[in-house]
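Undergrad: could you look at this predicted model? Sequence included:
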Amino acid sequence: TNAPSSSPNTKIPTSAPVEITAEPTMKGDEFFFWGDPKSIGEDTDGSNIEKPINLAEEGVLDAAAGSHYSMIMLNDGSVVSGGFIRSIEDYKGHLGLDPDIVVQGFNTLKSVERVVDGELVSAPFFHKVFAGVEKTGN
C-alpha cells in the first residue's frame, strides 16, 4: 500500500521489531583504536597511530575516553584501563587503577581489579564505563 504523499512510490514503513531486549543483539568481537597513543598508555615517539589496531579480540561491551586515557569493558564484565599521567601527584584515580600500580607517564592497558567504595575493594562485574575531562593537568 502507498502512504499518502506527493509520490505514489512512497511505501508505508515497516513496523518496529517484535522483540526488544536490554542487551545488544550482537556483542562486538573486536575493538579498534587509532589516534593519540597516550590515550591507551603507549609511547610511539609522539606519532599518532594511523592504522587501526585491535585492542580487544575477546569482545567489547562498552568503552569511554577521557583526557589522555581510555576505559574498555570486555564481554566478561571486566574493565581494562590505561593512559598518560603527566604528574603522579595529581593522580586522583581517574584510570580506575590502584595508585600503587600507576606511574607518572605511560600506563599501558591494565585490568581494573580494585575500586574505591569507601575503601579499596575487589572490582565488581561492570555494566558500563564512564570517563571525562579532569580538572588537573592529567
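TA: Received, thanks. Residues are numbered from 1 along each chain as shown.
Undergrad: going forward, measure contacts between C-alpha atoms and count neighbours the same way
TA: Noted.
Undergrad: beyond whichever strand or helix holds Phe84, next helix or strand please.
TA: Phe84 belongs to strand 79-85 when assigned by DSSP states H and E. Downstream of strand 79-85, the next assigned helix or strand under DSSP H and E is strand 105-111.
Undergrad: which outside residues touch that next one?
TA: Strand 105-111 has contacts (CA atoms under 8 Å, 6 or more residues apart in numbering) with 38, 40-43, 78-87, 97.
Undergrad: rerun at 7 Å
TA: 38, 40-43, 79-86 (CA atoms under 7 Å, 6 or more residues apart in numbering).
Undergrad: may I have the strands that pair with the lowest-mean-pLDDT helix or strand in the chain, each with its orientation?
TA: Every helix and strand of the chain was ranked by mean pLDDT, DSSP states H and E. The lowest is strand 114-116, at a mean of 78. Using DSSP bridges, strand 114-116 pairs in its sheet with strand 120-122 (antiparallel).
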